[in-house]
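Peer 1: no FASTA, just this:
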DNA sequence: GATTGTATATTATTGCCTTAAAGAACAATC
DNA sequence: GATTGTTCTTTAAGGCAATAATATACAATC
């Protein structure tokens, strides 16, 4: 292992602080989700709250954005978006976030394709993916939190069968088809008017054109957010948590699905329809609709 | 923090290897679950497989058991249980496992009672519970895997509202009341005959007297195992996983519940009845029964 | 043929130290 | 009065060396 040491270097030495660029990407992705436009102010505290950070890292990100020409800053006046987050210019910043995900995606792919044994030692993974112990541990902790790997009592980790099974996708949908309608049908289910409004605004925006500019990952993310907001209405965190978990695993094979823009369009229309029914508090009907919605999955085929 | 350093010492220095005693406890607890009696052989590889370890740590545990007088070993003939695992003599070994859980239980209690803020730094927790960073990290990783704490993007961790809410227990049951019957009603649900037999054997044993000797923790554990085995029959790991998760959180407030032996007895009887219906493959009826079973919770009140 | 005994190789933990990252408080500015 | 600029404190990550724990392979025994 001594040979590979020289190929690694502290993150801070590589061009312009990797962390800052990552933060810049997070901010840009947020701006995109929020539908911000060029000229909008980027208020530090607001960003910090949204990303669960303090202002210090946010500033780093903002300065990196400025360096990339995506934001403009005036002394004592803060930063302003220089480009539309949906424009081509914003792509590199967003890609920086994705790059960080590379190893994660590789591992996910290897597990999905059963190129990795179910039980592996950390040492094996370090060798295989060229990671330091610290890097690997971060990764494993994250994956463990997502629920598709777990520490063994002795040495090593075990990947969940959940992921590698070929019918995993169908099973995930079957599970959702149970919990989501049931959540809506729970006594006490309620969705505040403003949540409905926000969801509608977002789905509307996607429906009216933004869809074409979105990556598969973003479409997927937006869909998850929609469903998670709705299930939250049951006021029962167990429903929300279990959906989150399923979604974090579904995301793994989302990469493999092809882009069926027409299907997505219909999908979003169904979301809008669902919101109408929810707005008038016809929850039984909404649950029914949700069940139907989930029975016709957006992402159909993958290798 | 320099002052407290001297008060801590490596685990291996304390009386007779803490790890070995822990392993002994694990073996004893397993023997208990399996309904083993004095005189039964303790086969190393079998234990190793059951506990997901290799033979090396198992031997440590066995030798610790021997030192405690709970097992007898002959050269080249392996170990044999010296006492019934349900007898009083076995208690200290089992307690060793529980002792290890102490900090965990304390934290759980503090979170449940909202004595801890939702967001905490590791440093704060280390100070509060007198743990080294490594110890704390292990603990946090485990709790994170159970899903009631998550790492924040910056420094610190956030406890899930799931746990601290006073209605958490009711919400957990509401969730179970959705997924468990639904799992049984899934097309393709099936429970192998031998699984049914094993479950029945175990519930029967509990019903016929063993109940009195069991701790609350064990009763709870046994119940979880029963339900998890059944939900596994759906062949959909998402159902199983989400139930596991709910159960690991339910366990937190199980400590607080009082022992209602009569209620437990009725509970176990319902389990047996459920098995009968499942055996004849009347799954719709079984789902119905399960729903009813879950609507009348075993653990009713806690402070 | 299954199980135990033993030796050896591999793997991971722990503590320590240095450095980077994040948070918090308050002043300055619009 | 909200927001940014600045400074200072706290917190945690990362790398390294020593040590403990686990796994593995094969021989010995029942």
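Peer 2: It's in. Here the structure is a predicted model, which is why all the values come from computation and not from measurement. Residues are numbered from 1 along each chain as shown, chains lettered A, B, ... in the order given.
Peer 1: isn't residue A:222 right next to residue A:204, touching?
Peer 2: No - under the criterion of C-beta atoms under 8 Å, residue A:222 is not in contact with residue A:204, lying 11.9 Å apart. (Each C-beta comes from the backbone N, C-alpha and C, glycine too.)
Peer 1: those two: who's more crowded?
Peer 2: In this comparison of residue A:222 against residue A:204, neighbours counted by other C-beta atoms under 10 Å in any protein chain shown, the higher total goes to residue A:222 at 20 against 14.
Peer 1: which element is that one on?
Peer 2: helix A:216-232 (DSSP states H and E).
Peer 1: run a quick neighbour tally on the residue in the stretch 1-150 of chain A that DNA strand D sits nearest to.
Peer 2: In the stretch 1-150 of chain A, the residue that lies nearest DNA strand D is residue A:78 (2.5 Å; C-beta to the nearest atom of the strand). By the criterion of other C-beta under 10 Å, residue A:78 has 15 neighbours.
Peer 1: now do the same contact list for it.
Peer 2: If a contact means C-beta atoms under 8 Å, 6 or more residues apart in numbering or on different chains, then residue A:78 has A:41-44 as its contacts.
Peer 1: that one bridge partners, please.
Peer 2: In this entry, residue A:78 is beta-bridged to residue A:74, by DSSP bridges.
Peer 1: measure it to residue A:42 for me?
Peer 2: For residue A:78, the distance to residue A:42 under the criterion C-beta to C-beta, to the nearest Å works out to 7 Å.
Peer 1: try residue A:176
Peer 2: Summarising the geometry, the distance separating residue A:176 from residue A:42, computed by C-beta to C-beta, is 36 Å.
Peer 1: do residue A:241 as well
Peer 2: Residue A:241 sits at a distance of 32 Å from residue A:42 (criterion: C-beta to C-beta).
Peer 1: same check, this time on residue A:116
Peer 2: Looking at residue A:116 against residue A:42, where the rule is C-beta to C-beta, the gap reads 41 Å.
Peer 1: between the two, who's got more neighbours?
Peer 2: In terms of neighbours (other C-beta under 10 Å), residue A:42 is the more surrounded of residue A:116 and residue A:42; the figures are 23 against 17.
Peer 1: got TSV for the contacts of residue A:78, with pLDDT and distance to chain B too?
Peer 2: Conversion of the contacts of residue A:78 to TSV gives the following (pLDDT from 0 to 100; distance: C-beta to the nearest C-beta, whole Å):
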residue	pLDDT	distance to chain B
A:41	96	22
A:42	97	18
A:43	97	18
A:44	97	14
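Peer 1: now, these that are in helices?
Peer 2: Secondary-structure check on those using DSSP state H: residues within helices are residue A:44.
Peer 1: most neighbours among the contacts of residue A:78, which one is it?
Peer 2: residue A:42 (23 neighbours).
Peer 1: for that one, name its beta-bridge partners.
Peer 2: Note on residue A:42: beta-bridge partners residue A:79, judged by DSSP bridges.
Peer 1: thought residue A:31 was touching it, still the case?
Peer 2: Yes - contact status for residue A:42 versus residue A:31: in contact at 7.4 Å, counting by C-beta under 8 Å.
Peer 1: common neighbours of the two, please.
Peer 2: Between them, residue A:42 and residue A:31 have residue A:81 as joint contacts when contacts are counted by C-beta under 8 Å, 6+ apart.
Peer 1: quick one, what contacts residue A:176?
Peer 2: Contacts of residue A:176 were listed using C-beta under 8 Å, 6+ apart, and they are A:227, A:243, A:246, A:294.
Peer 1: ok, now with 7 Å
Peer 2: For residue A:176, the contacting residues are A:243, A:246, A:294, taking C-beta atoms under 7 Å, 6 or more residues apart in numbering or on different chains as the criterion.
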